[in-house]
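Visitor: Show me how the following folds:
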Amino acid sequence: MKIIIDTCFWIALYNPEKHIQINDDINFISDFIEDQEIIIPFPSLYEFLNSKFSRRNDALHFQKLLSKPNYIKVDDSSYKDGALDSFFEKAINEFNDVSLVDEIIKEIISAKSFKIDYLISFDDGLNNYARSIGVKTYS
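Guide: Numbering: from 1, shown residues only. Sure, this is the predicted structure:
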């Protein structure tokens with residue numbers, strides 16, 4: 001199964017003290033994804049690693065995760081233009097919170113080349129979009 005993971009999961013995983021209300025979910029998801037093919041878009045990595053992710057032990061653990069053969073880091077260059085167009089269209093015409101990283105993830109899960117089966121995100125809008133195109137989500 002191919003699972004794409006949004007930044008919010010990594011933030012909650014490595015900052016459990018700030019996400020106590022979802023710690024059980026994080027532990028379940030961590031076990032669930034252990035042996036699956038994990039798709040991580042580079043923009044999600046940038047977003048996560050530029051957050052307050054600075055503890056040495058956490059960095060070592062995350063580096064080990066990323067080095068596993070089932071963790072696929074995805075270059076976003078094929079998706080940037082479509083995501084950027086979508087971002088500006090939504091930002092200009094709608095009154096909701098828009099994320100360029102989410103738009104990249106939407107482009108990737110829409111691409112037939114990846115055949116994403118599952119999305120891990122705590123973002124309702126992103127989850128709704130994924131379900132609308134037949135991608136399962138964690139709820």
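Visitor: how about low-confidence regions in the protein?
Guide: Residues of the chain meeting the criterion pLDDT under 70: 53-56, 95.
Visitor: would you list every one of the strands in it?
Guide: Along the chain, the segments classed as strands by DSSP state E run 2-5, 37-41, 71-74, 118-120, 136-137.
Visitor: which ones are touching residue 35?
Guide: residue 70 (C-beta atoms under 8 Å, 6 or more residues apart in numbering). All C-beta atoms are positioned from the backbone trio N, CA, C, and that covers glycine.
Visitor: that older thread, distance to residue 31 and mean neighbour count added to the strands of the chain, as a markdown table?
Guide: Converted to a markdown table, the strands of the chain look like this (distance: least, C-beta to C-beta, whole Å; neighbours: other C-beta atoms under 10 Å):
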| stretch | distance to residue 31 | mean neighbour count |
| --- | --- | --- |
| strand 2-5 | 13 | 21 |
| strand 37-41 | 13 | 21 |
| strand 71-74 | 16 | 16 |
| strand 118-120 | 12 | 23 |
| strand 136-137 | 17 | 16 |
